[in-house]
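> Pasting the sequence and the predicted model now:
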Amino acid sequence: MTEPTTNATAGVSGVIEAIDRLKGYLTGYKPDTRSVTYDYRSGTSEMTMKITVPDNRGRKVGKIKIPREEGYEIREMFSSGDFTPVGAKWNQNSDYWILDPANLPAGENFMLRLNNENVNEAVFEEIIDLNVPEDPMSKSGVDQYWVQSSIRDPKTLQDIYKDFKVNNVDLNIRVGVQPCFSTGIPDDVIDRIERTRELIEASNEGDRNAVNTAHIRRREARKQGSVTEQRIASMIRSLANPSKFGEFISIESPFRQENIESDTLSNEVFPEEISVEVATNLDLEQQAAKGTLKFEKENYTEHIEEETADLL
């Protein structure tokens, strides 16, 4: 999911207004929002709301209607006391979710669980602040990226909701690895890859003179070793493999490491960056998460040197 911009206007007024609109459709039933859970990664939300429906003749007057355009779907309804599922069925048409209160069982207090499977990105911009540095701080051969995520305006949310969570808050750190490859891989090997790329580019452009020149330069470079370009490319891909690269990455709690992605040998001799995704969960108790992602740059460079030494 696209990350919220770090300069988004602070405040959660839009979120509160959306939930207040939902409560407005339940006017007369004392709606009380018990919990709100957002999932940043999937762009979804779940809400649990208590409603009070007096067990009297008033149940036969009118129906409860919630516009579908609000984005919520009724997932479950159960008794507030013993959490017994309620058999009364919510019907739906193209415009509304509809419940006839006359079909409810005995009792007054019920819980509604509603899901929104397509939360607008602007909602996350209002409730979450992310900080991901572009440049690391280097110390003793280790690149350190300080990352932070937090709930905006938690005081307002605490005053309104008993339980408010944002799960799977992802942050994407672009870890620079180009210096590791340019230092760790022998110059003759890099030269061979460059000459091969020049030949491919010249062939694609259809410039005969450039193709002839590239052929000569590539032939001269090949004299420096017997290893094929295919093996060299395979070796570089393996060095940037997520599982191998992950051995040189660590992240402080409460963050956890998620995916590592590397687009190797697309347009470059070797990757300039490798994407590392970390995640955490936020709530009204843990309103902010801070930590440092560490990349053992010096050790990774030495690993590249060791693995490519026999390519000469």
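Received it, and whenever you're ready, just let me know what you need.
> can you count the residues close to the closest residue to Ser140 other than its chain neighbours?
Spatial nearest neighbour of Ser140, chain neighbours left out: Glu298 (8.0 Å); criterion: Cβ to Cβ, 6 or more residues apart in numbering. Backbone N, C-alpha and C define where each C-beta goes, glycine included. By other Cβ atoms under 10 Å, 16 other residues sit near Glu298.
> just checking, Glu298 is part of a strand?
No - assessed with DSSP: H, G, I helix; E, B strand; the rest coil, Glu298 is helix; it does not lie in a strand.
> Could you check how far it is from Val276?
Plainly put, Glu298 is 18 Å away from Val276 if you go by Cβ to Cβ, to the nearest Å.
> Tyr145 too?
9 Å.
> Give the residues shared as contacts by the two.
Listed as contacting both Tyr145 and Val276 by Cβ atoms under 8 Å, 6 or more residues apart in numbering are 173, 175, 293.
> Not counting its own residues, what contacts the helix or strand Thr183 falls within?
With secondary structure defined by DSSP states H and E, Thr183 is part of helix 178-184. Helix 178-184 is contacted from outside by 190, 236, 239, 269-273, 297, 300-305, 308, using Cβ under 8 Å, 6+ apart.
> so of those residues, which ones are in strands?
Glu273 (DSSP state E).
> Any of the contacts of helix 178-184 buried? List them.
190, 236, 239, 269-271, 297, 300-301, 303-304, 308 (16 or more other Cβ atoms under 10 Å).
> What does Asn91 show for phi and psi?
With angles defined as degrees, to the nearest 10, Asn91 sits at phi -100, psi 160.
> what about it, how many neighbours?
When neighbours are counted by other Cβ under 10 Å, Asn91 comes out with 11.
> Please name the nearest non-neighbouring residue to it.
Spatially, and ignoring its direct neighbours in sequence, Asn91 is nearest to Ile98 (4.8 Å; Cβ to Cβ, 6+ apart).
> Check Asp143 too.
Closest to Asp143 by Cβ to Cβ, 6+ apart is Pro136, at 3.9 Å.
> With Ser238 instead?
Using Cβ to Cβ, 6+ apart, the nearest residue to Ser238 is Lys244, at 6.7 Å.
> quick check: mean pLDDT across the helix or strand where that neighbour lies?
Using DSSP H and E, Lys244 falls within helix 242-245. Across helix 242-245, pLDDT averages out at 92.
> show me what contacts Arg174?
Applying Cβ under 8 Å, 6+ apart, the residues near Arg174 are 134, 273-276.
> Are any of those residues buried, and if so which?
For those, buried by 16+ other Cβ under 10 Å: 274, 276.
> and the two most separated of the contacts of Arg174?
Glu134 and Ile274 (14.4 Å; Cβ to Cβ).
> What is the neighbour count of the residue nearest to Ser238?
Around Lys244 there are 15 residues (other Cβ under 10 Å).
> Same question for the one 4 residues further on.
Other residues within reach of Phe248 by the criterion other Cβ under 10 Å amount to 21.
> now swap in Ser140 and tell me
A count of neighbours around Ser140, defined by other Cβ under 10 Å, yields 8.
> Kindly report the domain assignment for the chain.
13-121, 128-180+240-311, 182-235 (automatic domain parsing).
> give me the low-pLDDT residue ranges for the stretch 51-200 of the chain?
Under the criterion pLDDT under 70, the flagged ranges of the stretch 51-200 of the chain are 58, 199.
> again, only using 80
The stretch 51-200 of the chain contains residues with pLDDT under 80 at 56-62, 81, 87-88, 190-200.
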